[in-house]
Every structure is written in C-alpha cells, then in structure tokens.
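# Test case, fold it:
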Amino acid sequence: MSRTDDPMPQAQLAREVSSVLDTLYAGGVAIIPLDVAYAIVASGEEGIKRIFTAKNRSYDKPSGMFGNWGLSGEVHIMDDDRRAMVKSVVEEDRLPFSVVAPFRADHPIFARVAPFVLANSSKAGTLDMLLNAGLVHNEVARQSIERGQPVFGSSANTSLAGSKYRYTDIEDRVREAADAHLDHGLSKYANAEGRSSTIIDFRDFHVVRVGVCFDRLKEIFQDRFDVSLTVDERTAQ
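Numbers count the residues shown, from 1 in each chain. As a prediction, the model looks like this:
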C-alpha cells in the first residue's frame, strides 16, 4: 500500500502541486494528501465558502494556513526564543504541528487574500499555520510562498467526523466539493482516534488540539525547552 511519505521524484511532486495551485488560484478547491490526514484546501473566497458548506463546518472554527518555519518567523509575532523552538522541532525532529500566534496581517503574503478568507482563517488576532506535514504540504507551502498567495484549509471530512487517512474514506459530499484531487495512499500518521495535527498556542503553550505526535512534542518541549504544554479536558479529546 502506498503512503504519503513514500519518496517521489521532485519534478513529479512539483508538477502535481503546481497544477493544484493553478486550480486554487482560479477559485477552485482541492483535496490533497498530508502525513497528518487528507486535507481540503482553497485560496479564494468562493473556494473557502464551498469547503465550509461541504464540511458543515462552523465559521467559529477558522481554517489553517499552509506554511513553513521561515514564513512563520516572518508572519507570527513571537519572541525570538519561541521562533527558535519552532525551527528546532521542524528541522531537528521533523515533526508536524500547527503554530497559533498573533500575526502581521500587513505581511506581503496576505496582499492578495480576500478579507473574507483572512477573517475566516484567523481568530482573535491569531493565525494557525500548519508546518512540516509531509511532502505535498511542504511543496504547497514552498510554491504558494513563491507565487505570493497562501493556501488555507482543514481536514477533508465532515465536521466532527474524524480525520480521513485514505482518499477513499472521505465522504462523498466532501469529495464532490473539490475540483482537483490527489491520492497518495495512506497518511503516514493514520490513527484510530481520528486525530490530525497537534495545534499549539505559542502565547502561553496551551494545546488547542491534541493531535498526532503529541506525546513526542510534549516530551521535546519539556526536555529541550523546559516548557510544559498545557492540556485541558476539552482539548484532550
């Protein structure tokens, strides 16, 4: 069985992602394979609206942005030691996670982002940016930064139904909302609990969502940075 972390030629990966971005920048929606789970993504206002409708997702739950630690360092407003933590976990441990922190809405990367999209991809002045979630994610982040227009999305499943780790497991109504589809087999971090990425609020190290690799992330933050990741009963679910 193929997996999302199987090696593939860079030229092929670049072509696939470039085609997906062409679809997104034309106002469309795509379903793509990540190591944490399959994701449904868009860049424009109509695409984001279609995602929320297909998933029956509340607008109280913002989309996440695809990025890398370099872009996080430019966009997120954090002390240097916290930026160093992000870089360390990405480069040394190669683990996926999402960073939540206040952000610079005037950064050039947002110049072509519709106000509706940014409003529904941020919350209380913070932005959730997914990092290091596999070959396709990292290439989407790289190319979208290069092309100057970010990609936003969430897991490819109906709301509260649990993440999907195979393309064929995604509900019909969610698949039908997409104009482009990539199927790379089983997500690397597939799990029985239906979890996707771990989300950490870097203002106070509160865990917004316990996800894949959480135990390892918790250990790293404690041992390397002397930081305790705080989990409450709600986010532990």
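# if I look at R195, how far off is G185?
19 Å (C-beta to C-beta, to the nearest Å). C-beta here means a position set from N, CA and C on the backbone, and glycine is covered the same way.
# Can you show me the CA trace of stretch 66-83 as PDB?
Output of stretch 66-83 as PDB, limited to C-alpha atoms (Å, rounded to 0.1, in the frame of the first residue of the first chain):
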ATOM      1  CA  PHE A  66      -0.100  26.100   5.000                       C
ATOM      2  CA  GLY A  67       3.400  27.400   5.700                       C
ATOM      3  CA  ASN A  68       6.900  26.600   6.900                       C
ATOM      4  CA  TRP A  69       9.000  27.800   9.800                       C
ATOM      5  CA  GLY A  70      10.600  30.600   7.700                       C
ATOM      6  CA  LEU A  71       7.200  32.100   6.900                       C
ATOM      7  CA  SER A  72       6.000  31.600  10.500                       C
ATOM      8  CA  GLY A  73       9.100  33.500  11.600                       C
ATOM      9  CA  GLU A  74       8.100  36.400   9.300                       C
ATOM     10  CA  VAL A  75       4.400  36.400   9.900                       C
ATOM     11  CA  HIS A  76       3.900  35.300  13.500                       C
ATOM     12  CA  ILE A  77       4.600  37.800  16.300                       C
ATOM     13  CA  MET A  78       6.600  35.900  18.800                       C
ATOM     14  CA  ASP A  79       9.800  36.300  20.800                       C
ATOM     15  CA  ASP A  80      13.000  35.000  19.200                       C
ATOM     16  CA  ASP A  81      13.200  32.100  21.700                       C
ATOM     17  CA  ARG A  82       9.800  30.800  20.500                       C
ATOM     18  CA  ARG A  83      10.700  31.200  16.900                       C
END
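# Which positions within it qualify as buried?
66-73, 75-76, 78, 82-83 (16 or more other C-beta atoms under 10 Å).
# Filter those down to just the ones in helices.
W69, G70, L71, S72, G73, V75, R82, R83 (DSSP state H).
# wait, V29 sits on A42?
Yes: at 4.9 Å, V29 and A42 qualify as touching, with contact defined as C-beta atoms under 8 Å.
# Mutual contacts of these two, please.
Here V29 and A42 have R50, I51 as joint contacts, going by C-beta atoms under 8 Å, 6 or more residues apart in numbering.
# Geometrically speaking, which residue is the centre of this structure?
L130 (3.6 Å; C-alpha atoms, centre = their mean).
# Report the contact partners of it.
V36, G64, M65, F66, G67, P96, F97, S98, H137, S197.
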